[in-house]
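Enquirer: Just to be clear, the model below is a prediction. Sequence and coordinates:
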There are 2 protein chains.
Amino acid sequence: VSAGTDEGLAADVARALSSASLRGVDSHGVRLLVHYVRVLKGGRVRGGAVPRVLSRSGGTAIVDADDGFGHPASYLAMAEGAGLARRHGIAAVSVVNSSHFGAAGCYPLVAAEEGLAAFAFCNSDSFVLPYDGLRPFHGTNPIAFAAPVPGARPYLLDMASSVVPWNRIQDYRTRGRLAPAGVGVDAAGEPTEDPDKIASLLPIGGRDFGYKGAALASMIEVLSASITGMAHCARLLSMAGPDLSTPRRLGHFFIVLDPERFVSRDVYEAGILAYLSDLRATPARAGQKVMAPGDREWATEARRAAEGIPIPQALAAEFIGLGRELGVDTAIFGDGSGG
Amino acid sequence: VSAGTDEGLAADVARALSSASLRGVDSHGVRLLVHYVRVLKGGRVRGGAVPRVLSRSGGTAIVDADDGFGHPASYLAMAEGAGLARRHGIAAVSVVNSSHFGAAGCYPLVAAEEGLAAFAFCNSDSFVLPYDGLRPFHGTNPIAFAAPVPGARPYLLDMASSVVPWNRIQDYRTRGRLAPAGVGVDAAGEPTEDPDKIASLLPIGGRDFGYKGAALASMIEVLSASITGMAHCARLLSMAGPDLSTPRRLGHFFIVLDPERFVSRDVYEAGILAYLSDLRATPARAGQKVMAPGDREWATEARRAAEGIPIPQALAAEFIGLGRELGVDTAIFGDGSGG
């Protein structure tokens, strides 16, 4: 709010970031606040944006993010989609003129908490090598899917279509560690484990079977760019800049559906519980446990809801710096000395 | 028809098999005829099934395959879904009491040829190791997605969520060749390249990053089993038998949407053409070309439409054997001696 947006929009951004951080998705958690303040001050993201439903037609709607944050527009799209799915059984909502929306999983999760199932799709600027390619093309294009589970937190898949997210490479650089094999290639398209030399990520499946991850990224691209009418990955302004003043005009795409149009609540619940319990009971490698999508995240959420979200010292220092710049009290982070 | 089904059902099966074979998807092409005759004669698949729309509600419908072939029920589901998507903008159709439906891509393709975009999801019996698991759990669970491309064959993604399909392992066995590393594990869950020892396939992402492929398989499971009310992978009768008389009661799930509810036809067409042309223009490894999902398949289709579908000698011999058994003329395959 001190950086120039209103309480409602800021609350939606904070909701998405803390939701991701609580689940342990630190790459898309509270650390993004630093970036968001920069793009708000730069003018890329309009602090006074008014996201709204631009049009409705049958089970579909278009939400205009008004060149503001992606999070309020995406929560609005999900609320709209949930309402339409309750009326029509299934709904799709595109979001246009948007910006980064944090973790894709935040939005299907809202629908699943209300008993619906939902997908989220979004593209990003180029980070990932196409199969047989030499230069990055697709973004880390995430897909998320959530569905209700009786008596438990929802089923939640939330993943990039690259082997690892770009942020992981930055993390290896910071810590002076090698990246695992099969994660990235250098500027010539050759495999490298040196994080400083990694110029492109590999799609899921790596160098040998990456046509599968590349195809998945491509499908996500068609949904979030071609069908929304927004720019595709290779024509998007870079998230990192240097241009932090021009709106990026990202597209997102959401699908929401009501399982009860296909099966009674009882049958659905018995089916998903049997599936999850059989999956988790699969014999595992020594010291491991077979998990369903979301299991790790909900265990982290339970722990962090009690103990708090750990903030690394470097991030605390950044928050303290922001607080000084914007006149916000950051006493909760100590004096920045790591104390 | 000679094995005990009617012309209409047989035509839909033939349509799906020849569509897959023409595109070069030989694992899911005409070779499946041999299997289908076995399950028809065994009684697993009812030759006199009458697939029908069981119920409609808003943008959704349920199709009952009536324990018959999956192909006629899936074409019916797609026709129903296309009609609903034209009325509501988006539609979802579940198929219940079904059996193997061939290549998942056959059905979204029909919608894309009519200007719509569509998904198909289906599970299978257990072939794929869960991440950190020791025994196969998920099926090779395919996902398919198609969308229209102006002036060209549709955009078409059609893939299993395992690194390779099970059929590929059988192929290595037949040819006495080693499998590539990162494709399968033995009965103890240890990596092996010996196709005779491969007991489970790895999910996309392999042993190190297979949580992504496993999550994708899992999402497909929730859609095609939990939401349809049909059995999940670990509780399905094996496709291969030995039981060929009990209906398998597979579920499929289809989503169809009309891009023109989100964007004008002109903007959609310009967007997908720009995306595909930028993707294909990405610099490639020596001797390679960056392709979009479907590019390889449509090139094969053009060639095979002119030259015919190649039938390996062993398959021709099987067809000739079937012909003898069923009193069908198989002169087109020669005398089975490979001449």
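Expert: Structure's in. What do you need?
Enquirer: which residue ranges form the helices in chain A?
Expert: Along chain A, counting by DSSP state H, helices occupy A:7-22, A:32-42, A:70-88, A:106-113, A:166-175, A:206-209, A:211-221, A:265-280, A:295-307, A:313-326.
Enquirer: counting contacts, what elements does the last one pack onto?
Expert: Right, the one you point to is helix A:313-326. On a contact count with 3 or more C-beta pairs under 8 Å, 6 or more residues apart in numbering or on different chains; DSSP states H and E, helix A:313-326 meets helix A:32-42. C-beta coordinates here come from the backbone N, C-alpha and C atoms, glycine included.
Enquirer: what helices or strands is the helix it packs on leaning on?
Expert: Going by 3+ C-beta pairs under 8 Å, 6+ apart, helix A:32-42 lies up against helix A:7-22, helix A:313-326.
Enquirer: Tabulate these (a markdown table), appending mean pLDDT and mean neighbour count.
Expert: Shown next, in a markdown table, are those (pLDDT from 0 to 100; neighbours: other C-beta atoms under 10 Å in any protein chain shown):
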| stretch | mean pLDDT | mean neighbour count |
| --- | --- | --- |
| helix A:7-22 | 98 | 19 |
| helix A:313-326 | 95 | 16 |
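Enquirer: To residue B:36, which of those helices lies closest?
Expert: Of all the helices and strands packed on helix A:32-42, it is helix A:7-22 that lies closest to residue B:36, at 47.3 Å by C-beta to C-beta.
Enquirer: ok, now which ones touch residue A:60?
Expert: With contact taken as C-beta atoms under 8 Å, 6 or more residues apart in numbering or on different chains, residue A:60 is in contact with A:84, A:91-94, B:88-90, B:257-258, B:261-262.
Enquirer: Quick check: buried residues in stretch A:188-199?
Expert: A:189, A:192, A:195, A:198-199 (16 or more other C-beta atoms under 10 Å in any protein chain shown).
Enquirer: Check the contacts of residue A:60 against residue B:100 and report the nearest one.
Expert: Distance to residue B:100 across these (C-beta to C-beta) is lowest for residue B:257, with 26.0 Å.
Enquirer: Any idea how many residues pack against the residue nearest to residue A:278 when sequence neighbours are not counted?
Expert: In this structure, residue A:278 finds its nearest non-sequential neighbour in residue B:234, 4.8 Å apart by C-beta to C-beta, 6 or more residues apart in numbering or on different chains. Neighbour count for residue B:234, taken as other C-beta atoms under 10 Å in any protein chain shown: 21.
Enquirer: Quick check: residue B:234 vs residue B:304, distance?
Expert: 37 Å (C-beta to C-beta, to the nearest Å).
Enquirer: One more: residue A:87?
Expert: Distance from residue A:87 to residue B:304, by C-beta to C-beta: 45 Å.
Enquirer: Please say which of those two ends up with more neighbours.
Expert: Ranked by neighbour count (other C-beta under 10 Å), residue A:87 and residue B:304 place residue B:304 first, with 17 against 13.
Enquirer: Show me which residues of the stretch 1-150 of chain A are close to chain B?
Expert: Within the stretch 1-150 of chain A, the positions near chain B by C-beta under 8 Å from any C-beta of the partner chain are A:57-60, A:62, A:87-92, A:94, A:117, A:130-135, A:137, A:145, A:147.
Enquirer: among the helices and strands of chain A, which has the poorest mean pLDDT?
Expert: helix A:166-175 (a mean of 84; mean pLDDT, DSSP states H and E).
Enquirer: list the contacts for residue A:215?
Expert: Contacts here follow C-beta under 8 Å, 6+ apart; on that basis residue A:215 touches B:157, B:159, B:293.
Enquirer: Pipe the residues you listed into CSV and attach neighbour count, pLDDT and distance to chain A per row.
Expert: Below are the contacts of residue A:215 laid out as CSV (neighbours: other C-beta atoms under 10 Å in any protein chain shown; pLDDT from 0 to 100; distance: C-beta to the nearest C-beta, whole Å):
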residue, neighbour count, pLDDT, distance to chain A
B:157, 24, 98, 5
B:159, 23, 96, 6
B:293, 27, 98, 4
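Enquirer: pretty sure residue A:256 contacts residue A:81?
Expert: Yes. Contact criterion C-beta atoms under 8 Å: residue A:256 and residue A:81 qualify, at 3.8 Å.
Enquirer: between these two, which one's more packed in?
Expert: Per other C-beta under 10 Å, whichever of residue A:256 and residue A:81 has more neighbours is residue A:256, with 34 against 30.
Enquirer: still on that earlier bit, any residue of the least confident helix or strand of chain A up close to chain B?
Expert: No. Figure legend: helix A:166-175 not in contact with chain B (C-beta under 8 Å from any C-beta); closest approach 11.2 Å.
Enquirer: what residues are shared contacts of residue A:256 and residue A:81?
Expert: With contacts taken as C-beta under 8 Å, 6+ apart, the residues that reach both residue A:256 and residue A:81 are A:91-93, A:111, A:118.
Enquirer: rewinding a little: and residue B:224, which of the helices and strands packed on helix A:32-42 is closest to it?
Expert: helix A:7-22 (28.3 Å).
Enquirer: ok, the nearest residue to residue A:31 once chain neighbours are set aside to chain B distance?
Expert: Counting by C-beta to C-beta, 6+ apart, the nearest residue to residue A:31 once its immediate chain neighbours are dropped is residue A:315, at 5.5 Å. Using C-beta to the nearest C-beta, to the nearest Å, residue A:315 is found at 26 Å from chain B.
Enquirer: Would you check that residue A:315 makes contact with residue A:33?
Expert: No. Counting by C-beta under 8 Å, residue A:315 stays clear of residue A:33, with 9.1 Å between them.
Enquirer: which stretches of chain A aren't confidently modelled?
Expert: Applying pLDDT under 70 to chain A flags residues A:336-339.
Enquirer: Report the central residue of it.
Expert: residue A:103 (2.1 Å; C-alpha atoms, centre = their mean).
Enquirer: so it makes contact with residue A:16?
Expert: Yes. Taking contacts as C-beta under 8 Å, residue A:103 lies within contact range of residue A:16: 6.9 Å.
Enquirer: how much space between residue A:80 and chain B?
Expert: Distance, residue A:80 to chain B, by C-beta to the nearest C-beta: 13 Å.
Enquirer: cool, and residue A:285?
Expert: Separation of residue A:285 from chain B (C-beta to the nearest C-beta): 5 Å.
Enquirer: OK, contacts around the nearest residue to that residue once chain neighbours are set aside?
Expert: Ranked by C-beta to C-beta, 6+ apart and with sequence neighbours excluded, the top spatial neighbour of residue A:285 is residue B:132, at 5.2 Å. Residue B:132 sits next to A:284-285, A:288-291 when contact means C-beta under 8 Å, 6+ apart.
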